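A.B. asks: pasting a predicted model and its sequence here:
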Amino acid sequence: MESSLQSRLRFLVEIDRLKSVYRASPLVDRSRKENSAEHSWHLAMYALVLAEHCGDDLDINLVLKMLLLHDIVEIDAGDSPIHGPTDTALQHRKESEAARRIFGILPGIEGAELKAIWEEFEQGESPEARFAKSLDRLQPLVQNVCTDGGTWVESDVSHQQVRERYGPAIRAGSPELWAAAERLIAAHFSGQGATLT
């Protein structure tokens, strides 16, 4: 029988595979696309740095856990780009199966706790989940602004489509961050360019 320590180490080895899941978003230096592990780390940094902009007294440690865990399921399910065609029901089913398998590697209670945090993020109802989801939309938006449109240009996405696809999630977690994002979007689509780099 596998010990708790062996299970934990096996889980940590398994999630190394997230480094091989590439996203559509480019790095700011445009040298390549970011991977999902880098995205999760970057989101955790967004949470640490932008926590005061959430507008609620929330558990930032829970937000950090959500952001570190939210994309682990992409090891099995793959990334679902915001601007690509997606069968939402199929993707949800694949991600749920992945969550069962991957979190199931851990000892029972630990695996169940991490899976519950992942599910809370997916449901997006708690203040922590809303803030985490807002950052999950804000980070690629900033990446796109800093790369002269990045995936927006690649996918021929309009100003209105960007507002519709990013706005609701960012606004729900932080109206203040959405106001800043709107200014970045407007500057990009007016041809003024990014002022962040």
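C.D. replies: Ah, there it is.

A.B. asks: mind checking the SS state of Arg23?
C.D. replies: strand (DSSP: H, G, I helix; E, B strand; the rest coil).

A.B. asks: use 7 as the first number for this chain going forward.
C.D. replies: Sure, I'll start counting at 7 from here, so that last one is Arg29.

A.B. asks: next up, the contacts around Asp62.
C.D. replies: Contact analysis of Asp62 by Cβ atoms under 8 Å, 6 or more residues apart in numbering lists 133, 137. Using the backbone N, CA and C atoms, a C-beta is placed for each residue, glycine as well.

A.B. asks: with Ala118 instead?
C.D. replies: Counted by Cβ under 8 Å, 6+ apart, Ala118 has contacts Phe109.

A.B. asks: so it, which state does it fall into?
C.D. replies: Quick answer, by three-state DSSP: Ala118 is helix.

A.B. asks: for it, give me the pLDDT.
C.D. replies: The model reports Ala118 with a pLDDT of 98.

A.B. asks: so which residues of the chain form strands?
C.D. replies: 28-32, 39-41 (DSSP state E).

A.B. asks: looking at these, which one is packed in the most?
C.D. replies: For the strands of the chain, the largest average neighbour count (mean count of other Cβ atoms under 10 Å) is found in strand 28-32, namely a mean of 20.

A.B. asks: which residues of the chain score low on pLDDT?
C.D. replies: 7, 199-201, 203 (pLDDT under 70).

A.B. asks: what about the longest helix in it?
C.D. replies: Of all segments of type helix in the chain, defined using DSSP state H, the longest is helix 133-152.
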